[in-house]
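A.B. asks: Provided below for reference: sequence and predicted model.
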Amino acid sequence: MYKVIKSIKSGKFGSVFLVENESGHKFAAKLFRNKNSKESELSSSAELEVSNFNSFSTKVKDIGKASLISSSSITGLPESLSAKNFNETAMLMPFFQKESEPNYSEIKIYISDLADEDVFMGDPKPDNFFHTSKYGLIPIDFGLVFHKNSPNLSVKYKNALANAPFDYPDAFDNAYTGKVAKKYQGVGVVQSSQLNDLIHIVESDSDSKELLLGASHDKSEETLLFYKTASENKKKSANSCFECCTIL
Ligand SMILES: Nc1ncnc2c1ncn2[C@@H]1O[C@H](COP(=O)(O)OP(=O)(O)OP(=O)(O)O)[C@@H](O)[C@H]1O
Ligand SMILES: [Mg+2]
């Protein structure tokens, strides 16, 4: 059993608590909110984040181990946050002490180094990193931290990585031409075998050197559009859906 010592923070997907086990060891526990997200929407889970955390800890820097626990093994949750508001499974990880919050210029260098190790982060923003005295600068939110060969890297997460330079421009030199941004877009390449219904090449515009490579319906029936320009991948609006990746 894990007893809540204090509530740390609630984010988009859940709530993080400082907890301790029977022998007094402290951990951070992240509970994931129950929510019926559409399959195409970005979602997160304890299973995904534990796997991403442990992959990072093995491949990049040993920051300890994360594991899956049952949400009902956490006692002392605030009344307003009873375990039934959360998924059955929660994430247990080391509790990191934040010395200070990094700024974007540090993040820019850090994610460039990570990309050199084929590790990519879809939401490189200051509150997803800690400066720690033990490990230096580290990510603390593993929802979108993937090795390029990760089995967790499904189409929607590839899209999140390909779009990261546009969504977090302060963390990249240049979303269109920067070396790191291009690596992100490279890892966002979607294999056509990952699409369940590739329709056809819809449009080619030689003047603007833009080519709409294809369109697909994902499982939730939303249209995904894939663009490539002659020189660079480009973020384009298509209905309400933004995509930025190429199809092989
Ligand atoms: N292992 C940890 N040790 C200490 N604090 C943590 C730990 N993990 C998360 N936190 C704190 O909890 C906050 C929320 O965690 P996290 O970013 O993982 O949640 P989230 O719901 O994915 O957030 P968002 O989607 O809004 O970025 C972090 O900004 C950090 O302050
Ligand atoms: Mg976060």
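C.D. replies: Okay, I see it. Ligands and ions are numbered 1, 2, ... in the order given.
A.B. asks: And Leu68, how close does it get to Val187?
C.D. replies: The gap separating Leu68 from Val187 is 26 Å, by CB to CB, to the nearest Å. Any C-beta I mention is one placed from the backbone N, CA and C, and that applies to glycine too.
A.B. asks: quick one: which of the two has more around it?
C.D. replies: Using other CB atoms under 10 Å as the criterion, Leu68 and Val187 rank with Val187 on top: 23 against 15.
A.B. asks: my read: that one touches Val119, true?
C.D. replies: No: at 9.7 Å, Val187 does not count as touching Val119 under the criterion of CB atoms under 8 Å.
A.B. asks: what residues do these two have in common as contacts?
C.D. replies: Phe146, Lys148 (CB atoms under 8 Å, 6 or more residues apart in numbering).
A.B. asks: Ser45 versus the closest residue to Asn149 other than its chain neighbours, what's the distance?
C.D. replies: Once flanking residues are discounted, Asn149 sits nearest to Asp118: 7.4 Å by CB to CB, 6 or more residues apart in numbering. With distances taken as CB to CB, Asp118 is found 23 Å from Ser45.
A.B. asks: So what pairs up with the closest residue to Ser7 other than its chain neighbours in the strands?
C.D. replies: Distances taken as CB to CB, 6+ apart place Phe17 nearest to Ser7, at 5.6 Å, with adjacent residues excluded. Taking DSSP bridges as the rule, Phe17 bridges to Ser7, Ala29.
A.B. asks: hang on, Phe17 packs against Pro78?
C.D. replies: No: using CB under 8 Å as the test, Phe17 is too far from Pro78 to be in contact (9.2 Å).
A.B. asks: Find residues that contact each of the two.
C.D. replies: Common neighbours of Phe17 and Pro78 (CB under 8 Å, 6+ apart) are Val4, Ser7.
A.B. asks: Compare those two (neighbour count), which wins?
C.D. replies: Phe17 (26 against 10).
A.B. asks: so what's the more buried one scoring on pLDDT?
C.D. replies: pLDDT for Phe17: 96.
A.B. asks: Kindly report the same for Ser204.
C.D. replies: 43.
A.B. asks: Same check on Tyr157?
C.D. replies: pLDDT at Tyr157 comes out at 88.
A.B. asks: Report how many residues lie close to it.
C.D. replies: Tyr157 has 21 nearby residues by other CB under 10 Å.
A.B. asks: how far away is it from Tyr110?
C.D. replies: Tyr157 is 20 Å from Tyr110, by CB to CB.
A.B. asks: Thr132 now?
C.D. replies: For Thr132 relative to Tyr110 (CB to CB), the value is 13 Å.
A.B. asks: likewise Ser150?
C.D. replies: From Ser150 to Tyr110 the distance is 19 Å (CB to CB).
A.B. asks: close enough to count as contact, Ile140 and Phe95?
C.D. replies: No: applying CB under 8 Å as the test, Ile140 and Phe95 come out as separate, 10.1 Å apart.
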